[in-house]
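J.: With the input below, show me the fold.
(2 chains)
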Amino acid sequence: AQSVSQHNHHVILSEAASLELGCNYSYGGTVNLFWYVQYPGQHLQLLLKYFSGDPLVKGIKGFEAEFIKSKFSFNLRKPSVQWSDTAEYFCAVARPGTYKYIFGTGTRLKVLA
Amino acid sequence: NAGVMQNPRHLVRRRGQEARLRCSPMKGHSHVYWYRQLPEEGLKFMVYLQKENIIDESGMPKERFSAEFPKEGPSILRIQQVVRGDSAAYFCASSPLGLAGGTTDNEQFFGPGTRLTVL
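T.: Numbering: from 1, shown residues only, chains lettered A, B, ... in the order given. Got it, this is the predicted structure:
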């Protein structure tokens, strides 16, 4: 069965620190990949997505992610976090043209001012 | 912001009561998906609906859970005779396209979720 692993459940960083959140999936075929963020009390918001093409994807708010097919990974990065990045981050995978997203368990990021 | 709306945001029920969760999709979207997030787990697909049709309910528990998306009004996820194990966050998502042939863009737009607590 398909699965998505987010190994870091809780991450605490100081402002200006660099961020990398891991996401690995188990599925051998073509996949679409997503990172969502949920700020406290708000809806899940799409940060970035990968369907095809350049494996380095730029998203909103300075986030980027790199798709490494050989490692089945889609790690999220940001060179310098801000206090406002405090949120929960979800990685999701779906086969193209399908609607069943497979989500990871999420990573709670806390950024200390 | 005409995003996906869910209400209530928080719902408390006693064991045996009914819970009704509502979802209004984004304007122009006619495809709705419900997901459940149990504590310490990722969101899991429950059901996919179009207007007046259930397309896929393979993720729904077999008993006590039902979903509808009427011609008018929001989509409703209904849980009868709730138990403590139903305590979770329930997310709704919508998309403008469903299983449209050939499309690879399957982005879904999510609401803020309803947090159900069963006492």
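
J.: Using the three-state scheme, assign the most centrally placed residue in chain A.
T.: Residue closest to the mean C-alpha point of chain A, counted by CA atoms, centre = their mean, is residue A:35 at 3.6 Å. Of the three states, residue A:35 takes strand under DSSP: H, G, I helix; E, B strand; the rest coil.

J.: Residue B:65 pairs with what?
T.: Per DSSP bridges, the residues bridged to residue B:65 are residue B:79.

J.: That one contacts residue B:78, doesn't it?
T.: Yes: Residue B:65 is in contact with residue B:78 according to CB atoms under 8 Å; the separation is 7.3 Å. (Glycine included, C-beta is placed from N, CA and C.)

J.: got the buried residues for stretch B:60-70?
T.: Of the residues in stretch B:60-70, B:60, B:65, B:67, B:68, B:69 count as buried by neighbour count, 16 or more other CB atoms under 10 Å in any protein chain shown.

J.: Closest one to residue B:31 out of the residues you listed, please.
T.: residue B:69 (9.0 Å; CB to CB).

J.: Okay, that closest one and residue B:24: tell me how far apart.
T.: Distance, residue B:69 to residue B:24, using CB to CB, to the nearest Å: 10 Å.

J.: Give me the common contacts of these two.
T.: Listed as contacting both residue B:69 and residue B:24 by CB atoms under 8 Å, 6 or more residues apart in numbering or on different chains are residue B:75.

J.: Residue A:57: neighbour count?
T.: Applying other CB atoms under 10 Å in any protein chain shown, we find 20 residues neighbouring residue A:57.

J.: Go ahead and confirm it touches residue A:67.
T.: Yes: in this structure, residue A:57 is within contact of residue A:67 by CB under 8 Å, at 7.0 Å.

J.: Between those two, which contacts overlap?
T.: Common neighbours of residue A:57 and residue A:67 (CB under 8 Å, 6+ apart) are residue A:50.

J.: Low-confidence stretches in chain B?
T.: Low-confidence segments of chain B (pLDDT under 70): B:1-2, B:97-105.

J.: Give me the most central residue, it.
T.: Nearest to chain B centroid, counting by CA atoms, centre = their mean: residue B:34, 2.9 Å.
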